[in-house]
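Novice: Here's my sequence, what's the structure:
(2 chains)
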Amino acid sequence: MRALAWSAGASALLVAVYLALGGASYAPASVADPCAPRDWSEPRGVNEVGEQIVLSALDGAACRIGVSREDIVLAFEDQDSLEAFGREHGVTEAELERLARTGLERAVTDAENAGALSPRLANLIRGVVGRIPPGLLIGLLDRVPDLVFPDS
Amino acid sequence: MEITVRPHVLLLGLTVGVALADSSVVTLALPRILADYDVAIGTLAWVLTSYNLGLALTAVPAAFVARRRPSMVFGVSIVVFSAASLACAFAPSIWVLIGARAVQGMAGAGVVCAALDLLSQATGGDAPAARVWALSGIIGAAFGPAAGGILTQLLGWQSIFLVQAPVMGIALLALRGATAVPVEEPAGRPHVAANLALLLVSGALVASSFLLVILLINGWRLQPLEAGLVVTLMPLAAIVGARTGGRITPLSARAASGAILIAGGSAALGWLPHAGARWTIAPQIAIGTGLGLALSALTERALAGRSAQAVHGGWTIAARHAGIVLGLVLLTPLFTADLERNEDDALSAGAAVVLESEIPPLQKIGVARDILVAVEKAQEDAMVPDVSDSIDHQDDNAYRELASDLQKQLNRAVTNAFSRSFLVAAALGLLALAPIFVGRRDVTV
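Specialist: Model (predicted):
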């Protein structure tokens, strides 16, 4: 019976140590809730302001659809991914673009409230948002600085 | 009782070891076989399942024939096993490979069961024969993955089968001067509790014998040779367990201690706190020691007091390999489903890492796309990619940090994908305690 006690003790100790070191939670990090407000970091330069706006826009669209903003980024990998995403979440490409515009408007308001954009600039961007051509939302990350600051 | 190690005994032990090693020998070669035949993981699993199924279904009938004509069964089985090994090596399609593996398994059953009778003659008694037979089986089953990995890395997966044919052929020399006497008395009933416990323990061992090596190679990107060396710990611990466990009495206590260690080690693998081979060391030692204790005790218990050893040996082989099939059938779909789920989680987590990284904003989309391409390319080889290969500007701290963070997320995802399978294996190990304790009052033990 001593052998039984030893093996049970050794097994329990091994499992306890692994659990104490975080074994039960060693999984991919969960992504943030897009509906919860995010802190605006202090952007440095045109590109970072543009990036924050797009990320916030993605949050807005993701919150409406009920997915994470990372899911939307991955959906825009190519046309097949976009169609699969639309089928899975019952969203047409046109609806997705409309949501992206709504999200972008929310992002501009967030940026304005956070003091990252002046009211004048915010109004300028809102005007631009209405004229953004259909296409890839993710492409905005490349385009926003040029759209917002055409002379930069 | 000391067993005189004679060439006959060594050769017979070798054949038992090779035949039982074959149930797991191709585990480390599976990624290469997958790449060569380009099939789904569910189909690939049949390379393992068909061998074990063949062995499980044929062991008892083969044992009944072997007890009357052991030399003939041994000789024919060796020839068929060698021929099937060559067919595996040169298989033009996955289905030929799977079919040849099933034939190998059936022939392996004949080899293992007939060898037990021949060992009784070679060692001069049933008890020493049972010990040599059980130890050979433990060494073979435990060293199988490591041997397969080393051969795969050095010479290709086909070499596993090419090596087996001549090795088994040499074992025919064991028949020279063999004086096996046909057993006439009735075989009697098998020890149900011991065989049921063997089935459950073997099912539990599927996770550490098969899934662990897949985690090491496909998940953590170790080379087959490295993975083979890492999993050598388990057989070493098994040999120590089997050799030193003889002092533990009664047999039920030894078997139960082994089952508990297998369950504990499997649970620890299910709750790994980090990715990396070093975290598998302690669980492997626990599982290996448990394997040595449980298999030796349960085999001895199944054979003890039974007159026709080959038949009861056949029952233990059938139980062990039915357990492996049960483990594969239970764990393969669970593992593949978890792998798919974690793949989605890993992609989301990876996208979050890229979006929140410190690299220049305008580079993020390009980097994210490069990573996705790398992941898709690696998926074709059923591997987790090395992210640093896909990220340029490695001289920049921000990019290095991004690569490191992405790799961490992938490691977390792939390690977590194996978690539930290891925990189910732990549960099977604990379940084995029921027949061990229920059957401990068997008066013949």
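Novice: Next up, the contacts around the closest residue to chain B within chain A.
Specialist: Relative to chain B, the nearest point of chain A is A:S11 (2.3 Å; CB to the nearest CB). To be clear about C-beta, it is placed using only N, CA and C from the backbone, and glycine gets the same treatment. A:S11 makes contact with B:I260, B:L261, B:A263, B:G264, B:G265, B:A267, B:A286, according to CB atoms under 8 Å, 6 or more residues apart in numbering or on different chains.
Novice: excluding its backbone neighbours, what's nearest it?
Specialist: B:G264 (2.3 Å; CB to CB, 6 or more residues apart in numbering or on different chains).
Novice: can you give me the helices in chain A?
Specialist: According to DSSP state H, chain A carries its helices in the segments A:2-20, A:45-65, A:69-75, A:79-89, A:93-113, A:119-129, A:140-148.
Novice: Packing partners of the shortest one?
Specialist: What that stands for is helix A:69-75. Applying 3 or more CB pairs under 8 Å, 6 or more residues apart in numbering or on different chains; DSSP states H and E, we find helix A:69-75 packed against helix A:45-65, helix A:79-89, helix B:309-355.
Novice: What residues of the helix or strand bottoming out on mean pLDDT in chain B count as buried?
Specialist: Ranked by mean pLDDT, DSSP states H and E, the weakest helix or strand in chain B is helix B:361-380, scoring a mean of 71. For helix B:361-380, burial by neighbour count (16 or more other CB atoms under 10 Å in any protein chain shown) applies to B:361, B:363-365, B:367-372, B:374-375, B:378.
Novice: Looking from chain A, tell me which residue of the stretch 1-150 of chain B is nearest.
Specialist: For the stretch 1-150 of chain B, CB to the nearest CB, closest residue to chain A: B:I138, 17.3 Å.
Novice: Give me the distance between that residue and B:G13.
Specialist: Look at B:I138 and B:G13: by CB to CB, to the nearest Å, they are 11 Å apart.
Novice: and the least confident helix or strand of chain B, what does it pack onto?
Specialist: Checking 3+ CB pairs under 8 Å, 6+ apart, helix B:361-380 ends up next to helix A:45-65, helix A:140-148, helix B:309-355.
Novice: Of those helices, give the one that comes closest to B:G156.
Specialist: Proximity to B:G156, assessed across those by CB to CB, is greatest for helix B:309-355 (24.2 Å).
Novice: If I take the closest one and helix A:45-65, what angle do their directions form?
Specialist: Counting by axes from the mean of the first three to the mean of the last three CA atoms, to 10 degrees, helix B:309-355 lies at 130 degrees to helix A:45-65.
Novice: relative to helix B:361-380, how tilted is helix B:309-355?
Specialist: Interaxial angle, helix B:309-355 versus helix B:361-380 (the same axes, to 10 degrees): 160 degrees.
Novice: right, is helix B:309-355 up against chain A?
Specialist: Yes: residues of helix B:309-355 contacting chain A under CB under 8 Å from any CB of the partner chain: B:N342, B:D345, B:A346, B:L347, B:S348, B:A349, B:A351, B:A352, B:V353, B:L355.
Novice: Pretty sure B:A277 is one of the things B:L216 touches, is it not?
Specialist: Yes: taking contacts as CB atoms under 8 Å, B:L216 lies within contact range of B:A277: 6.2 Å.
Novice: who has more neighbours, the two?
Specialist: Comparing B:L216 with B:A277 by other CB atoms under 10 Å in any protein chain shown, the one with more neighbours is B:L216, at 24 against 18.
Novice: re the thing from before, now do the host helix or strand of the residue nearest to A:S11: distance to the chain's middle.
Specialist: Element membership for B:G264 (DSSP states H and E) is helix B:251-270. Relative to its chain's centre, helix B:251-270 lies at 16 Å (CA atoms, centre = their mean, to the nearest Å).
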